[in-house]
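Colleague: model the structure of this input:
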Amino acid sequence: MQKFLRFLLYRLLGWQVEVSMTLPDKYIIALAPHTSNWDFIMGLLYSRAEGFHCDFMMKKEWFFWPLGPIFRKLGGIPVYRSKHTSLTDQLAQVARERDKFGLCITPEGTRKPTTEWKKGFYYIALKAELPILLFGLDYAQKRIVCTKSIIPNGDVDGQMQEIKEYFRPFKGKKPQNFII
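Modeller: Below you'll find the model as predicted:
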């Protein structure tokens with residue numbers, strides 16, 4: 001299956017990979033820009049083509065039947081935005097307890113234009129002492145890029161700005177929906 005997915009992504013669809021960061025046993029992936037539902041498909045296709053499994057967070061509204069069981073099987077974690085539970089604490093605890101942990105989050109938290117990015121991924125990484133790997137999807141050049149990782153140090157605003165600047169050159173599927 002992995003061979004077929006590699007053929008599909010790289011040969012048929014024509015995407016290229018520029019990834020210089022290796023995946024450690026435990027990590028958070030920050031994936032941007034997030035401007036279309038295609039981003040989920042591309043991320044899933046890439047991870048399976050490269051032979052790794054990474055959980056992902058998605059708003060609970062997507063977990064209706066029959067999609068809910070499918071998303072959970074693929075690694076989906078429903079996010080209940082109305083509940084004020086400490087999901088970051090729970091996920092950080094899970095990450096600390098496991099030998100392997102991979103979680104992909106889109107920092108924008110929405111496909112619509114927004115300058116206010118969610119910081120939950122940062123706090124999970126900070127609390128669990130995980131690196132944040134920055135993966136960019138560039139639809140204009142059909143590239144998946146990861147050339148930088150961030151080790152959270154508690155300077156949330158400074159490091160969030162650094163993360164946003166890394167993603168600035170990437171063009172989303174709907175570029176008008178990506179603003180820094």
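
Colleague: measure residue 157 to residue 117 for me?
Modeller: According to CB to CB, to the nearest Å, residue 157 and residue 117 sit 11 Å apart. Yep, even glycine has a C-beta here, placed from its N, CA and C like the rest.

Colleague: the more surrounded of the two?
Modeller: Between residue 157 and residue 117, residue 117 has the larger neighbour count (other CB atoms under 10 Å), namely 21 against 8.

Colleague: do I have it right that that one meets residue 110?
Modeller: No: taking contacts as CB atoms under 8 Å, residue 117 lies outside contact range of residue 110: 9.7 Å.

Colleague: tell me the contacts of the nearest residue to residue 34 once chain neighbours are set aside?
Modeller: Nearest residue to residue 34 in three dimensions, chain neighbours excluded: residue 106, at 3.7 Å (CB to CB, 6 or more residues apart in numbering). Neighbour list for residue 106: 30-32, 34, 39 [criterion: CB atoms under 8 Å, 6 or more residues apart in numbering].

Colleague: so what touches the one helix or strand residue 104 maps to?
Modeller: Assigned by DSSP states H and E, residue 104 falls within strand 101-105. Strand 101-105 has contacts (CB under 8 Å, 6+ apart) with 23, 25-31, 43, 47, 52-57, 77, 91, 94-95, 118, 120-121, 124, 128, 130, 135.

Colleague: how would you label residue 115: helix, strand or coil?
Modeller: Here residue 115 takes the coil state, with states given by DSSP: H, G, I helix; E, B strand; the rest coil.

Colleague: list the contacts for it?
Modeller: With CB under 8 Å, 6+ apart, residue 115 has these contacts: 179-180.

Colleague: confirm residue 56 sits in a strand?
Modeller: Yes: assessed with three-state DSSP, residue 56 lies in a strand.

Colleague: and it, how far from residue 14?
Modeller: As judged by CB to CB, residue 56 and residue 14 stand 24 Å apart.

Colleague: comparing the two, which shows the higher neighbour count?
Modeller: Higher neighbour count among residue 56 and residue 14: residue 56, with 20 against 8, using other CB under 10 Å.

Colleague: the more buried one reaches residue 43, doesn't it?
Modeller: Yes: with contact defined as CB under 8 Å, residue 56 reaches residue 43; the gap is 7.3 Å.

Colleague: ok, residue 121 - contacts?
Modeller: The contact partners of residue 121, by CB under 8 Å, 6+ apart, come to 28, 30, 103, 105, 107, 132.
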